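A.B. asks: what follows is a protein structure lacking sequence information:
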């Protein structure tokens, strides 16, 4: 019996760190040994109480956009493996023009952190990702993007305890949307009549690819008739993985030491209809 597929689909990216923004956010600025990096973090925001007080301190007339919800840009520097805030830049709109200005009085606001080298950010601990050069991947928003050159800093109480540099790249190949279409065209859904005539959703995540574009593995989940199936040995999931391995070459991004596709989370709904359910032409 012939099976016809009506595919309704959508694609979205789920972040390892959930972004509160639907648009890409402007980076802060950090200097290491005189080299300027885009800083994909906002250390002032790490403490909600601190951040609230800082926003109240900033000039009310500052300009903000959806790409800079806080309306300011911090300029930072690493000195002697310590993180220092050097200044804060805002934009002020006057007479139909916008100009950048340095915020005055931040030394007073951060008086308990002030040193001869700047404002020592010993309130901050965590990982900070830096980027330089071309952007090779845009994600769902916020700071979800990757640069050709990246550096990941591990910071404890304002002190850099680890620093790792990466050179990222993109190798052309079959993109995820095309892989979805190939799965649509070639997957033997007729072997699974129990799912015919119902709406299902396939979730792909945590991809593992080879450097030359072979699919090695991923996590596959499928919602079958409103029941989520996560068993990687399930016959349908096994068959999906087998078909994904037959598709070659995948587009491969080398991002911070790992080979992966553009999105690490890919979801699409599917409605499978039997030809008996359709009206003849």
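C.D. replies: Structure received. Values in this document were obtained by computation on a predicted structure and should not be read as measured data.

A.B. asks: which residue ranges of the stretch 151-281 of the chain form strands?
C.D. replies: With DSSP state E, counting those that start in this stretch applied, the stretch 151-281 of the chain shows strands at 159-167, 169-171, 199-209, 215-224, 227-229, 252-255, 258-260, 265-274, listed in chain order.

A.B. asks: residue 99 is nearest to which of those strands?
C.D. replies: Of all those, the one in closest proximity to residue 99, counting by CB to CB, is strand 159-167 (33.5 Å). In short, each C-beta sits where N, CA and C put it, glycine included.

A.B. asks: list the buried ones in the closest one?
C.D. replies: Of all the residues in strand 159-167, those buried under the rule 16 or more other CB atoms under 10 Å are 159, 160, 166.

A.B. asks: likewise for stretch 262-271?
C.D. replies: Quick answer for stretch 262-271 (16+ other CB under 10 Å): 262, 263, 264, 265, 266, 267, 268, 270.

A.B. asks: how about stretch 199-212?
C.D. replies: 200, 201, 202, 203, 204, 207, 209.

A.B. asks: now swap in stretch 37-51 and tell me
C.D. replies: Buried-residue list, stretch 37-51, by 16+ other CB under 10 Å: 37, 38, 39, 40, 41, 42, 43, 44.

A.B. asks: CSV for these, including pLDDT and secondary structure?
C.D. replies: Shown next, in CSV, are the buried residues of stretch 37-51 (pLDDT from 0 to 100; DSSP: H, G, I helix; E, B strand; the rest coil):
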residue, pLDDT, secondary structure
37, 98, strand
38, 98, strand
39, 98, strand
40, 97, coil
41, 96, coil
42, 95, coil
43, 96, helix
44, 94, helix
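
A.B. asks: now, among those, which is nearest to residue 219?
C.D. replies: Distances from residue 219 to these, taken by CB to CB, are shortest for residue 40, at 25.6 Å.

A.B. asks: how many neighbours does the closest residue in space to the closest one that isn't next to it in sequence have?
C.D. replies: Take residue 40 and drop its neighbours on the chain: the residue closest to it by CB to CB, 6 or more residues apart in numbering is residue 143, 3.9 Å away. When neighbours are counted by other CB atoms under 10 Å, residue 143 registers 21.

A.B. asks: how near is the nearest residue to residue 246 once chain neighbours are set aside to residue 269?
C.D. replies: Of all residues beyond its chain neighbours, the one nearest residue 246 is residue 186 (7.9 Å), with distances taken as CB to CB, 6+ apart. Noted for residue 186: a distance of 19 Å to residue 269, by CB to CB, to the nearest Å.

A.B. asks: can you pull the contacts of residue 182?
C.D. replies: Contact analysis of residue 182 by CB atoms under 8 Å, 6 or more residues apart in numbering lists 174, 247.

A.B. asks: what about 6 Å?
C.D. replies: If you count contacts by CB atoms under 6 Å, 6 or more residues apart in numbering, residue 182 has them with residue 247.

A.B. asks: also residue 155?
C.D. replies: 83, 125.

A.B. asks: is it in a bridge, and if so with what?
C.D. replies: In this structure, residue 155 bridges to residue 126, residue 160 when assessed by DSSP bridges.
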